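# any chance you can model this:
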Amino acid sequence: MTRVTTDVSRRTLLKSLAAAPVAALGIAPAWAQSAASAAGLVTPNVCMVMPEVTEGPYYLDPGLIRADITEGKTGIPLKLTMQVVDAQCAPFAGARVDIWHCDAEGNYSGYSGQGSDSVNDTQGETFLRGTQFTGDGGLVTFDTIYPGWYRGRTTHIHYKVFLDETTVLTSQIFFPDALSQYLFDTVAPYNARSGARDTVNSNDWIAAQAGDGAFAAIREQANKYTAALVVGVNPDAVSATGMRNRGPAGGATPRGSSDTRSLIPGQ
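Okay, here's the model as predicted:
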């Protein structure tokens, strides 16, 4: 892997990419693309995840190590690639990555009171949840669907990066509003919902907290969208909140952690 010249320049590169305002549009200027490629990064879209960041709702660990998390849920296919690196752009191999998000109708699996009207019960279900472990390049890829929306939040995907049993970094991935609105207005089953969403990127406080670097790089393919995000993490971060929120689905604990409950406080 090609490296930039110094630790300072690598650290500066990640910070500058994460702060680039064009990241929220899913694109990046030529300089950012070139710098990211030189550092061995899959995309200029970079999220500098800090410890104790908002988890958001409905985390649970169903013990499912899998790339395809759709479980038959309908929606626009989305292939999500995440690359876990440190402040020097060096990839983490063997890091555990969990993702979870709502379906096209705004429902999370595994909980009662789902959807904007809070009437759907998905207890015992595990759709749109999964775990993978990074390879030598720090990469994981999930096959899922483009997430829908529910009242009070913009479109997003939750994730956790477990470096070991005590270092757990949590954040969310965001998407361009123009693309989200186009899909919600024109594509089934997203367009079958009544009412309009009340929250977009500009008035979602968690998106503001995460910053422009938390927006995925989006590309349209013939039969799906692809999304990519580089997650820069601090290996010295240790949660101070203790273990909680294993969730009702239960299931076996995947390798890589003696306990996979959340170490991060949520909202």
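
# so what does the helix or strand of the chain with the lowest mean pLDDT touch, helix or strand wise?
Lowest on mean pLDDT, DSSP states H and E among the helices and strands of the chain sits helix 7-19, with a mean of 76. If contacts are counted by 3 or more CB pairs under 8 Å, 6 or more residues apart in numbering; DSSP states H and E, helix 7-19 sits against helix 30-38, strand 46-48, strand 225-232. Using the backbone N, CA and C atoms, a C-beta is placed for each residue, glycine as well.

# residues contacting the nearest residue to residue 91 once chain neighbours are set aside?
In space, not counting the residues next to it along the chain, residue 91 is nearest to residue 138; the distance is 2.7 Å by CB to CB, 6 or more residues apart in numbering. Residues in contact with residue 138 (CB atoms under 8 Å, 6 or more residues apart in numbering) are 83, 84, 85, 91, 92, 93, 95.

# ranges for the strands of the stretch 51-200 of the chain?
77-85, 96-100, 129-133, 139-145, 156-162, 168-174 (DSSP state E, counting those that start in this stretch).

# of all those, which gets the most neighbours per residue?
When the strands of the stretch 51-200 of the chain are scored by mean count of other CB atoms under 10 Å, the highest mean neighbour count falls to strand 168-174 (a mean of 26).

# and the angle for that one with strand 156-162?
Angle of strand 168-174 versus strand 156-162, following axes from the mean of the first three to the mean of the last three CA atoms, to 10 degrees, is 160 degrees.

# the inter-axis angle of strand 168-174 versus strand 225-232?
Between strand 168-174 and strand 225-232, the angle comes out at 140 degrees (the same axes, to 10 degrees).

# from the chain's centroid, how far away is strand 168-174?
Averaging C-alpha positions (CA atoms, centre = their mean, to the nearest Å) puts strand 168-174 6 Å from its chain's average.

# hmm, back to that, so which of the helices and strands packed on helix 7-19 is the most surrounded?
strand 46-48 (a mean of 28).

# contacts for that one, please.
By CB under 8 Å, 6+ apart, strand 46-48 touches 14-15, 17-18, 23, 36, 171, 173, 210-211, 213-214, 229-232.

# among those, which has the minimum pLDDT value?
Ranked by pLDDT, these bottom out at residue 23, which has 51.

# dump the strands of the stretch 51-200 of the chain into JSON lines; add distance to residue 48 as well.
Converted to JSON lines, those look like this (distance: least, CB to CB, whole Å):
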{"stretch": "strand 77-85", "distance to residue 48": "10"}
{"stretch": "strand 96-100", "distance to residue 48": "16"}
{"stretch": "strand 129-133", "distance to residue 48": "21"}
{"stretch": "strand 139-145", "distance to residue 48": "18"}
{"stretch": "strand 156-162", "distance to residue 48": "12"}
{"stretch": "strand 168-174", "distance to residue 48": "9"}
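
# for those, which one sits closest to residue 182?
strand 77-85 (14.4 Å; CB to CB).

# what helices or strands is the closest one leaning on?
When contacts are defined as 3+ CB pairs under 8 Å, 6+ apart, strand 77-85 sits against strand 96-100, strand 139-145, strand 156-162, strand 225-232.

# so where is the chain shaky, pLDDT-wise?
Within the chain, the ranges that satisfy pLDDT under 70 run 1-8, 20-28, 50-57, 116, 237-267.
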